[in-house]
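Peer 1: Quick check, what structure comes out for this input:
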Amino acid sequence: MRGDDFQSGDHFGQFERADLHTALTSGSLIRSLRRTSQRRQSATARHPQGRRETTKEQYMPGVGIWRTKSVEQSIADTDEPETKLKKELTAKDLTVFGVAVVIGAGIFTLTARTAGNVAGPSISLAFVLAAIACGLAALCYAEFASTVPVAGSAYTFSYATFGEFAAWIIGWDLILEFALASAVVGKGWSLYLGNVIGASGSTTAHIGSISFDWGALLIIGAITLILAIGTKVSSRVSAIITAIKIAVVLLVIVVGAFYIKKENYSPFIPPSEGSESAASGIHQTLFSWLTGAGGSSYGAYGLLAAASLVFFAFIGFDVVATTAEETKNPQKSLPRGIFGSLAIVTVLYVAVTLVLTGMVKYTELKDGSPLVGDSSATLATAFEANGIGWAQTAINFGGLAGLTTVVMVMMLGQTRVLFAMSRDGLMPRSLAKTNAKGIPMRITLIVGGIVAVLAAFFPMGTLEEMVNIGTLFAFVLVCVGVIVLRRTRPDLPRGFRVPLVPFVPIVAVLACGWLMLNLSVETWIRFLVWMAIGVLVYFAYGHRKSVLGRKLKDGTAIPSANADPVLVKD
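Peer 2: Numbering: from 1, shown residues only. Got it, this is the predicted structure:
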């Protein structure tokens, strides 16, 4: 469909824009675009001369690598028969996905370690601070997802605001984030499986000189099969496993509450102590490397440091936005799913930490304490100190269930980002084809294969931090993007609006920037190397194969509803 307007009355262009606005509000944009196309064809027949056209720059702001994809074009692309996803998710499904991916094994391990070594009883306050910071980013995701309900999350949002090159960069970043997260969590699942079956290390097998983790291979293979069956089936399986996970967490909270001693909460914010183990070289944080500042435990700084650490326990809610295109009523369901899941996990995290630090003195959870010994404290440590030996078994099952859903939702997010990039031609477009059930089968199988190989054959080590920096980078772009789109497209109907723009997005960017500064120099180096590789891939393939680039050349790109046409004389 061309971006033509006509000389026979400015009211025609005004009607088109009003029609598009109404269509966006009612969720019937595709039908509106078809009606617009029919009117234009009819008008062309009536007025073959004196037509108006929109230049390439007016189709989409920016040219070359900065060409942006209009929201109208993004939504219209979702109706292509060969790449059409099935809309079947509700707000309830999205909430389940959010809780499923956010609550992993960290609730059983991270909480105890951070309380003992960094924050003491104030770890519950650290979780509240982290939830607030995460909530600011969630506000921005909710607005974008309800405004541009298309698969791809931060990639799609960036395409509409910063242009194709920035979209590629964030898409390349998300590929790394989701793939590594799925592989790392898959390995963690295998460790918990070993604990459950009572044979530590038994999930490693050998074929000649090659060793592989069959536990990780098992879970990745099973989840790939579930995702290949369909998103709705994945949601149902995720709901069942998430229910088991939450039941274990609630059991821990209820049982532990009977062993709380008020004196263990004092002092709530312990006095500051110098950190005994400071990293150096590329292993230190970027902030320490830039400023020479050392770390400390407890006190106000320890509270902020703990908030930085536990922030990563909330990572994952952004994956909900990748399913926007498969949601029945995205304008309402997506914000509800994002905020609902964030509220649930915040309550559970705070409750667990209050029980944990009330059951034992925080000093008993510190590394090297008589209770902990050479290992690190876990939630089970507090229960063992109170003579509750069965807690470890329950926590092992809870961790197994928790990590299962994390892998599932992370892999779902990976497939949807790749799907969006492939549909735009930045990756091979054939990968975006869906089957009769609306499932991108090729991408699902490829992602499953790659993640399985990573999890089964490669040690992850410190690559876990790569997941964190990738996520925070996406958060920053989405938050800035909200400000940009408010200025460039104020006409767009928004199912949800971030309050106090630009204040809230700016605070969210500052919070994410602070967290990125607290990641190691080594992580930054690896991240920049990966991004450099992505730039090479873009110019070698994506830039030349871009569907938007082709549409701009032949004049078939759908313009923004607020684009101003110019007269072209024949």
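Peer 1: Give the rounded mean pLDDT of the host helix or strand of Ala243.
Peer 2: Using DSSP states H and E, Ala243 sits in helix 231-257. The average pLDDT within helix 231-257 is 90.
Peer 1: mind listing what the closest residue to Phe419 other than its chain neighbours touches?
Peer 2: Leaving aside its chain neighbours, Phe419 sits nearest to Pro440 (4.7 Å; criterion: Cβ to Cβ, 6 or more residues apart in numbering). C-betas here are computed from N, CA, C, even on glycine. Applying Cβ atoms under 8 Å, 6 or more residues apart in numbering, we find Pro440 in contact with Thr83, Leu85, Thr415, Phe419, Leu431, Ala432, Lys433, Thr434.
Peer 1: Out of the residues you listed, which is nearest to Ala130?
Peer 2: Thr415 (28.4 Å; Cβ to Cβ).
Peer 1: And the helix or strand where that closest one lies, what does it pack against?
Peer 2: Element membership for Thr415 (DSSP H and E) is helix 391-423. Packing partners of helix 391-423 (3 or more Cβ pairs under 8 Å, 6 or more residues apart in numbering; DSSP states H and E): helix 91-102, helix 106-114, helix 154-161, helix 164-197, helix 214-229, helix 231-257, helix 379-385, helix 441-457.
Peer 1: So which of the ones you listed is the most surrounded?
Peer 2: helix 154-161 (a mean of 29; mean count of other Cβ atoms under 10 Å).
Peer 1: what angle do that one and helix 391-423 make?
Peer 2: If you take axes from the mean of the first three to the mean of the last three Cα atoms, to 10 degrees, helix 154-161 sits at 40 degrees to helix 391-423.
Peer 1: what's the pLDDT at Asp173?
Peer 2: 91.
Peer 1: what's near enough to touch Met421?
Peer 2: Counted by Cβ under 8 Å, 6+ apart, Met421 has contacts Gly152, Tyr155, Trp168, Gly171, Met427.
Peer 1: With distance to Leu548 added, can I get the residues you listed in CSV?
Peer 2: What follows is those, written out as CSV (distance: Cβ to Cβ, whole Å):
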residue, distance to Leu548
Gly152, 13
Tyr155, 13
Trp168, 11
Gly171, 14
Met427, 14
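Peer 1: what's the distance between stretch 74-86 and the middle of its chain?
Peer 2: Computed by Cα atoms, centre = their mean, to the nearest Å, the chain-centroid distance of stretch 74-86 equals 22 Å.
Peer 1: pLDDT check: weakest of the contacts of Met421?
Peer 2: Pick the lowest pLDDT in the contacts of Met421 and you get Gly152, at 83.
Peer 1: quick one: the residue nearest to Ala511 when sequence neighbours are not counted and Phe144, what's the gap?
Peer 2: Once flanking residues are discounted, Ala511 sits nearest to Ala133: 4.1 Å by Cβ to Cβ, 6+ apart. As judged by Cβ to Cβ, to the nearest Å, Ala133 and Phe144 stand 18 Å apart.
Peer 1: who has more neighbours, the two?
Peer 2: Higher neighbour count among Ala133 and Phe144: Phe144, with 28 against 22, using other Cβ atoms under 10 Å.
Peer 1: so what secondary structure elements neighbour the one helix or strand Ala138 maps to?
Peer 2: Using DSSP H and E, Ala138 falls within helix 123-147. If you count contacts as 3+ Cβ pairs under 8 Å, 6+ apart, helix 123-147 packs onto helix 106-114, helix 299-311, helix 330-359, helix 464-488, helix 503-517.
Peer 1: Gly104 touches Val185, doesn't it?
Peer 2: Yes: between Gly104 and Val185 there is a contact at 6.6 Å, judged by Cβ atoms under 8 Å.
Peer 1: Pull the number of nearby residues for Gly542.
Peer 2: Neighbour tally, Gly542, other Cβ under 10 Å: 24.
Peer 1: ah, wrong one, I meant Ile207
Peer 2: 7.
Peer 1: so who does it touch?
Peer 2: So Ile207 contacts nothing (Cβ under 8 Å, 6+ apart).
Peer 1: Could you measure from it over to Ala456?
Peer 2: Noted for Ile207: a distance of 11 Å to Ala456, by Cβ to Cβ.
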